[in-house]
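> Here is a sequence together with a model predicted from it:
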Amino acid sequence: MEHIGGGRASQVFALDDRMVLRRSAFDAAAEARLMQYLHGLGFPVPEVFAAEGADMTMQRLHGRTLGAEVSAGAIGVPEAAKLLLDLHDRLHEIDAPEFLSGSTRGIAMDAAGTRKVLHLDLHPENVILTDDGPFLIDWTNAAAGDPEYDLAVTWAILVGIDVRDFGPELAAQLAWLEASRTDLADAFRDRTDRPARDIAAAYRNADPNTDQAESNRLQKALADS
């Protein structure tokens, strides 16, 4: 199998031109179930063919990430922000299925009674641009709740991450983010209020992968917002 990508907790291998195998450090059943639910409703997620334990076989997407397209100058930052916001809006029209939890990292995202599907990791590296349009990947963090929290989490990711944490190769690919971070993040700040951003900050700080430096950047951005 050809290794074609991966992250902190998953690695992706090409099985053929049509399918990939994602091998994770966690059980993929719940994520696969949600992706199948969304695919059935026509939302642009990779089709899941099978899921067993930590392995998930799904549709292979041919295209580059939104981040790579911005880095190459093929897409501008305003267009990228619009594309991300459009994906949020399309997703947030979907009622969450009963099996999708509204509680994550100790936070009740559905405390106010609203239960829409939230991605909670919707950023340029999780959007693949194909000939059939943009696809949203990596549904590990998804939950049910208030759409404003999802928008606020994207804001928190954009203002909090330090691209140098991803190593020199990926940091070089994400250099565009440093130059356009404020403009991109402002598009999401303008769609959220301070209480939602506070929830988003708490959600990010509850992630064991969030270090003190990212937490500090996030707190400064909250204070400035």
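On my side now, so go ahead.
> okay, now Pro78: neighbour count?
By the criterion of other C-beta atoms under 10 Å, Pro78 has 12 neighbours. Any C-beta I mention is one placed from the backbone N, CA and C, and that applies to glycine too.
> Sorry, slip of the keys, the one I care about is Gln219.
13.
> For it, report the pLDDT, please.
In the prediction, the pLDDT value recorded for Gln219 is 95.
> ditto for Leu170
68.
> count of neighbours near Leu83?
19.
> now swap in Ala202 and tell me
14.
> Give me the nearest residue to it, chain neighbours excluded.
Nearest residue to Ala202 in three dimensions, chain neighbours excluded: Ile107, at 6.1 Å (C-beta to C-beta, 6 or more residues apart in numbering).
> Run through the bridge partners of the one you found.
Thr104 (DSSP bridges).
> Please name the residues that touch it.
By C-beta atoms under 8 Å, 6 or more residues apart in numbering, the contact set of Ile107 is Ile199, Ala202, Tyr203, Ala206.
> Can you verify Met56 is assigned to a strand?
Yes: counting by DSSP: H, G, I helix; E, B strand; the rest coil, Met56 is located in a strand.
> what's the nearest residue to it if we skip its chain neighbours?
With C-beta to C-beta, 6+ apart, the residue lying closest to Met56 is Ala28, at 4.3 Å.
> How confident was the prediction at the residue nearest to Ala202?
So Ile107 comes in at 97 (pLDDT).
> cool, and Gly167?
pLDDT at Gly167 comes out at 68.
> Run through who's touching stretch 63-75.
76-77, 80, 83-84, 123-131, 134-135, 173-177, 180.
> Filter these down to just the ones in strands.
Val127, Ile128, Leu129, Thr130, Pro134, Phe135 (DSSP state E).
> For ChimeraX, write the selection for the buried entries among the contacts of stretch 63-75.
This is the ChimeraX syntax for the buried subset of the contacts of stretch 63-75, where burial follows 16 or more other C-beta atoms under 10 Å:
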select :77,80,83,84,123,124,125,126,127,128,129,134,135,173,174,176,177,180
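> Flag the shaky bits of the chain, pLDDT-wise.
165-167, 170-171 (pLDDT under 70).
> where's the residue nearest to Ala202 relative to Lys220, distance?
21 Å (C-beta to C-beta, to the nearest Å).
> same thing with Leu85?
For Leu85 relative to Lys220 (C-beta to C-beta), the value is 24 Å.
> who touches Gln219 in this structure?
Per C-beta under 8 Å, 6+ apart, neighbours of Gln219: Ala201.
> Quickly find the element holding it.
In the assignment (DSSP states H and E), Gln219 maps to helix 212-224.
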